[in-house]
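**Student:** Okay, here's the prediction I keep looking at, along with the sequence it came from:
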Amino acid sequence: MKNVIFALLIISSLFIGGEAQAQRKIPSSVTEDLKAKFPDATEVEWSSKLSHFLAEFYVGKVPHEVRYTNKGEWSSTDELIEKENTPADVLESLSKSKFSDWEILNIFKRTIPNGETQYRILIKKNNSLKRFLFYDPNGKYIKEQTVL
C-alpha cells in the first residue's frame, strides 16, 4: 500500500511540474505594448495560449481582451459592448442567419491591425453548442468559430 501511495505522489508531482514548465513567460515587449496602448488598464490577467498571448483586463468597468502573436505582434483588441451599441446591420444579418434562434451571450467590438473593425458575437443553443460569429460593421458575415 505504501508503494502505491508513493507512486501516486511521484506521478502527481510530475504532472504538476509539467504544467509549471508548460507555462510560457509573457515577453516584456508584449506587456510594455499593452501598458502603452491601455495605460488605464486594471485587473490585467495574462495567459499563454498555444497560438498566442492573451491579456484580459478592464478599462473603467468595460472588459477587454488583447491578443498578441507568438512573435509578440499585436493581433486584435476586443471590447465588450452592449447589444444597443452594435450596428443595426450586424444585428439584422444575425437575425436573418441560420443562427437567428440562438441566444446572444456577448458582443465584442474587435479592432485588428489593418484598422478594420469587426464584431465578434458569442452565441449559444441549448447548453452545449456555442459559436463565435464574426461580422463587419455593415453586417457582412465573415466567419464562425466553434467554442469548445
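**Tutor:** That came through, no problem. Numbers count the residues shown, from 1 in each chain.
**Student:** could you measure the most centrally placed residue in the chain against Trp46, distance?
**Tutor:** Residue closest to the mean C-alpha point of the chain, counted by CA atoms, centre = their mean, is Glu65 at 6.0 Å. Distance of Glu65 to Trp46, computed by CB to CB, to the nearest Å: 11 Å. Backbone N, C-alpha and C define where each C-beta goes, glycine included.
**Student:** so what sits against both of the two?
**Tutor:** Common neighbours of Glu65 and Trp46, using CB atoms under 8 Å, 6 or more residues apart in numbering, are 54-55.
**Student:** Is the residue nearest to the centre of the chain part of a helix or strand, or is it coil?
**Tutor:** Here Glu65 is strand, with the state taken from DSSP: H, G, I helix; E, B strand; the rest coil.
**Student:** Just checking, which helix or strand of this structure averages the lowest pLDDT?
**Tutor:** In the chain, no helix or strand scores lower on mean pLDDT, DSSP states H and E than helix 2-22, which sits at a mean of 42.
**Student:** Can you list the neighbours in contact with stretch 47-60?
**Tutor:** 23-27, 30, 34, 38, 40-46, 63-70, 72, 75, 79.
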